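> Pasting the sequence and the predicted coordinates here, then a few questions.
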Amino acid sequence: MKCKFLKHHGSIFLLLSVFIIFNLSCSKEGDKIELEYGMATDIDGNSYKTIQIGDQIWMAENLKTTTYNDGTPISEISNDSLWSIDALGAYCWYENDSLNAEHNGALYNWYAVATEKLCPVGWHVPTEDEWLELYHTLRSMGCYKLNSSGWNYRDLESLDFNCQGILNGWRYVASYNINEFSDLGEMGAFWLDREYAERFAGAAIISKSKFRYEGGWQKNCGFSIRCIKD
């Protein structure tokens, strides 16, 4: 009797497990189907997925152009001393390794943002108010929430959900003109189109579960860019 009882209930458990897995799979597929991506192209010919969230249309990938939208090349600076003093606009790859370009995009100093020529024509670096609108639309903005909204196409593409494309790390200026790359996989820093002082500008800082604004970042830091449609 005991064996029959276990066999009977074991069969029910197996059927329930299959049912749950099937439904979770269908939900995940359904979520993917519901996200409708557009496309944008920069002057270098790089293509980016775009996504509408509320009334806004964002790029769903980080910018990686090496050319301003008027055709002027952006300086690539790997040398620490030159990066520390540049005030004309520059970019680099994380740890100066171009293999990081595909998924993480480029890191730009704020002087490149100040040209207002970083994003493709018809797009721009978001303001603080535009970031706040995104925050209020999603009601939260840690990287997991951003992933589920479609804002981070790379994670949906791979189904890894490890926040690749958001937690890109950054380049900061330490003492004696020494630059360091830090926080890959832990934090993402995205420039705002807002200057706070002669040497400082604002950025949106994103971790796995949190989001905040900070206005005291040195303009020579290297941060990521997400463009938003005009």
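Ah, there it is. Quantities reported herein were computed from a predicted structural model and do not represent experimental measurements.

> tell me the helices in the protein, going along the chain?
2-34, 80-85, 101-104, 110-114, 128-138, 143-149, 153-158 (DSSP state H).

> Worst mean pLDDT among these?
Here the helices of the chain differ in mean pLDDT, and the lowest is helix 2-34 at a mean of 37.

> Chain neighbours aside, what residue packs nearest to D193?
Among residues not flanking D193 along the chain, V125 sits closest, at 4.4 Å (CB to CB, 6 or more residues apart in numbering). For glycine as for every other residue, the C-beta is placed from the backbone atoms N, C-alpha and C.

> got it, and D183?
G169 is the one closest to D183 (CB to CB, 6+ apart), at 4.6 Å.

> do the same with E95
Using CB to CB, 6+ apart, the nearest residue to E95 is F181, at 4.9 Å.

> I'd guessed that neighbour sits against V173; true?
No: in this structure F181 lies outside contact range of V173 using CB atoms under 8 Å: 11.5 Å.

> okay, the spatially most central residue of the chain: pLDDT?
The centre of the chain sits closest to I166, judged by CA atoms, centre = their mean, with a distance of 3.5 Å. With respect to pLDDT, I166 has a value of 83.

> Which residues are in contact with it?
Applying CB atoms under 8 Å, 6 or more residues apart in numbering, we find I166 in contact with C143, L146, N147, N152, D155, G188, I206.

> Count the neighbours of the closest residue to the first one other than its chain neighbours for me.
In space, not counting the residues next to it along the chain, C143 is nearest to C163; the distance is 3.8 Å by CB to CB, 6+ apart. Using other CB atoms under 10 Å, C163 has 23 other residues around it.

> Quick check: C163 vs A60, distance?
14 Å (CB to CB, to the nearest Å).

> Which neighbours do the two have in common?
What both C163 and A60 touch, as defined by CB under 8 Å, 6+ apart, is the set N152.

> What's the end-to-end length of stretch 202-216?
Start and end residues of stretch 202-216 are separated by 6 Å (CA to CA, to the nearest Å).

> contact partners of it?
128, 131, 135, 140-144, 146, 163, 166-167, 186-192, 194-196, 200-201, 217, 221, 223.

> Which residues belonging to that stretch are considered buried?
G202, A203, A204, I205, I206, S207, K208, F211 (16 or more other CB atoms under 10 Å).

> next one: stretch 61-71
Quick answer for stretch 61-71 (16+ other CB under 10 Å): E61, N62, L63, K64, T65, T66, T67, Y68, N69.
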